[in-house]
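[1] what follows is a predicted protein model with its sequence.
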Amino acid sequence: SEQSGHYNFAAGPAMLPTDVLAQIREEIQDWRGSGLSILEQPFTSSAFKQLMAETDADLRALLEIPSNYRVLFMQGGASAQFGLLPLNLLRPGQGADYLESGHWARKAIAEGRRHAPVNVIASGADQDFTALPSPAHWRLDPLAGYCHITSNETANGLQLQEFPALPVPLVVDMTSDFLTRPVPVERFGVIYASTQKNLGAAGLCVVIVRDDLLQAPPAGLPAAFSYAVQAEQQSRFNTPPTFTLYVAALMLRWIKQRGGAETMATAARQRSALLYRYIDGSDLYHCPQKIQDRSSINVCFQLADAGLTEIFLDQAELCDLTHLRGHAAFGGVRASLYNAMPVSGVQQLVDFMADFEQRHG
Ligand code: PLP
């Protein structure tokens with residue numbers, strides 16, 4: 001927690017604010033004076049329906065979601081959405097465009113290909129995913145059912161800074177930077193994000209879908225995974241992940257109380273700038289990512305002597321700076337700085353890095 005000086009830099013599930021954890025502890029005992037734990041609330045009760053309505057309203061206010069969009073609370077995580085997008089959005093035989101920006105885009109492409117023809121509009125593979133292909137070079141198919149992008153590449157430390165207005169519906173995996181900045185929702189057909197990074201706990205995927213894209217579930221699509229069915233039933237076609245929804249509701253209130261998406265963006269820039277500035281000025285650490293494409297959420301870096309990485313990670317753990325190991329596919333170090341990470345956590349990390357550099361640089 002923040003007070004104890006223990007900072008969790010995990011990519012997800014991630015650190016929660018101390019006050020949110022305290023409230024959860026209380027409401028595990030008694031939720032809203034009901035005499036029942038939050039874990040025991042039926043999803044059909046009026047109190048729980050009220051919680052879902054508040055969550056929908058808070059999300060709409062924080063992201064300025066226009067009224068022609070529906071907010072769905074689904075299970076299966078963003079990984080299930082990789083398959084559910086083509087099943088829900090494409091007509092038989094229709095293909096989709098994908099930007100191959102990094103590890104998670106590749107996962108979306110691989111799963112998408114199982115259901116529909118996929119056209120890769122541009123790829124960062126030839127630069128080892130250290131830079132994002134510029135929208136000027138995207139080879140778009142005007143007949144594509146949608147164009148899929150990944151706003152923040154969690155494993156590669158890359159983040160899209162701008163979202164182009166496209167003639168086909170723009171679909172975005174926003175799992176790792178959801179609600180860390182304002183976004184032009186009206187440019188998107190679908191925005192989806194798992195909640196275990198910036199919005200609390202695992203088990204829930206928020207799907208924001210423009211209502212003209214809702215269509216009757218095609219054969220082969222389970223009704224529980226149909227956008228149209230869940231929209232029609234206010235995400236209560238079946239039991240939603242009630243506890244995770246409750247935690248997301250607390251996180252939304254926490255973000256709102258702090259001033260909303262703009263405040264989160266300022267804090268994200270402040271945290272990541274502190275770390276990048278230190279890395280760029282050091283001889284021991286380096287960031288291979290192109291400066292303009294660097295993520296303000298997942299800061300990925302390497303040590304000049306790769307043999308020091310394990311020692312760095314071990315010593316960091318001893319200093320209560322935990323889960324800094326880079327993604328298995330890339331190695332190195334990754335500091336995930338989601339909404340709940342205070343700037344004091346990043347300062348403690350930078351102080352540790354400076355001390356480590358003195359001893360090993
Ligand atoms: N997309 C991105 C950008 C991610 O960072 C992750 C998880 O780290 C996922 C998708 C997968 O999310 P889930 O494990 O909830 O399916």
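    Noted; the coordinates are in hand. Residues are numbered from 1 along each chain as shown.
[2] tell me which residue in the stretch 1-150 of the chain sits closest to the ligand.
    The ligand sits closest to Gly77 of the stretch 1-150 of the chain, with a gap of 2.7 Å, by C-beta to the nearest ligand atom. Placement of C-beta: from N, CA and C, glycine included.
[3] who touches that residue in this structure?
    With contact set as C-beta atoms under 8 Å, 6 or more residues apart in numbering, Gly77 has these partners: Ser194, Ala202, Gly203, Cys205.
[4] from the residues you listed, which single one is nearest Ser272?
    Ser194 (21.0 Å; C-beta to C-beta).
[5] the closest one bridge partners, please.
    Cys205 (DSSP bridges).
[6] tell me how many other residues surround it.
    A count of nearby residues for Ser194, using other C-beta atoms under 10 Å, gives 27.
[7] pull the contacting residues for it.
    Applying C-beta under 8 Å, 6+ apart to Ser194 gives the contacts Gly12, Gly77, Ala78, Thr175, Ala202, Leu204, Cys205.
[8] can you tell me which of the residues you listed is nearest Asp314?
    Closest to Asp314, out of all of these and judged by C-beta to C-beta, is Gly12, at 22.1 Å.
[9] so which bits of stretch 114-125 are buried?
    For stretch 114-125, a neighbour-count test (16 or more other C-beta atoms under 10 Å) marks His115, Ala116, Val118, Asn119, Val120, Ile121, Ala122, Ser123, Gly124 as buried.
[10] tell me which stretches of the stretch 101-250 of the chain form strands.
    118-123, 147-150, 152-153, 158-159, 170-173, 188-194, 205-210 (DSSP state E, counting those that start in this stretch).
[11] ok, now which ones touch the nearest residue to Gln159 once chain neighbours are set aside?
    In space, and not counting its chain neighbours, Gln159 is closest to Ser295: 3.9 Å by C-beta to C-beta, 6 or more residues apart in numbering. By C-beta under 8 Å, 6+ apart, the residues touching Ser295 are Asn152, Glu153, Gly157, Leu158, Gln159, Ser176, Asp177, Ser272, Gln289.
[12] ok, now with 10 Å
    Listed by C-beta atoms under 10 Å, 6 or more residues apart in numbering, the contact set of Ser295 reads 102, 151-154, 156-160, 176-177, 180, 268, 272, 276, 289, 334, 336-337.
[13] Gln75 too?
    Counting by C-beta under 10 Å, 6+ apart, Gln75 has contacts Gly203, Leu204, Cys205, Ala224, Phe225, Ser235, Asn238, Thr239, Pro240, Pro241, Thr244.
[14] so which of the strands of the stretch 101-250 of the chain is the most packed in?
    Highest mean neighbour count among those (mean count of other C-beta atoms under 10 Å): strand 152-153, with a mean of 28.
[15] please name the strands paired to that one in the sheet, noting orientation.
    Sheet partners assigned to strand 152-153 using DSSP bridges are listed as strand 158-159 (antiparallel).
[16] near the ligand at all, the partner strand?
    No. Using C-beta under 6 Å from any ligand atom, strand 158-159 stays clear of the ligand, with a minimum separation of 10.5 Å.
[17] what's the burial count for Ala231?
    Ala231 has 17 neighbours, counted by other C-beta under 10 Å.
[18] can you show me the helices along the stretch 201-350 of the chain?
    Counting by DSSP state H, counting those that start in this stretch, the stretch 201-350 of the chain has these helices, from start to end: 227-232, 242-257, 261-280, 309-318, 343-360.
[19] want to throw the ones you listed into a markdown table with mean pLDDT and distance to Ser37?
    Converted to a markdown table, the helices of the stretch 201-350 of the chain look like this (pLDDT from 0 to 100; distance: least, C-beta to C-beta, whole Å):
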| stretch | mean pLDDT | distance to Ser37 |
| --- | --- | --- |
| helix 227-232 | 98 | 26 |
| helix 242-257 | 98 | 9 |
| helix 261-280 | 98 | 30 |
| helix 309-318 | 98 | 33 |
| helix 343-360 | 97 | 31 |
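[20] would you turn these into TSV with distance to the ligand?
    Output for those, formatted as TSV (distance: least, C-beta to the nearest ligand atom, whole Å):
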stretch	distance to the ligand
helix 227-232	17
helix 242-257	11
helix 261-280	16
helix 309-318	19
helix 343-360	20
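[21] contact distance from the ligand - what residues of this structure qualify?
    The interface of the chain toward the ligand, taken as C-beta under 6 Å from any ligand atom, is made up of Ala11, Gly12, Gly77, Ala78, Ser79, Trp104, Thr150, Thr154, Asp173, Thr175, Ser176, Ser194.
[22] so who does the first one touch?
    In this case it means Ala11. Counting by C-beta under 10 Å, 6+ apart, Ala11 touches 154-155, 176, 196-197, 297-298, 323, 325-327, 334-336, 338.
[23] any idea how far Phe312 is from it?
    In this view, Ala11 and Phe312 are 17 Å apart by C-beta to C-beta, to the nearest Å.
[24] now the last one
    Taking C-beta to C-beta as the measure, Ser194 and Phe312 are separated by 29 Å.
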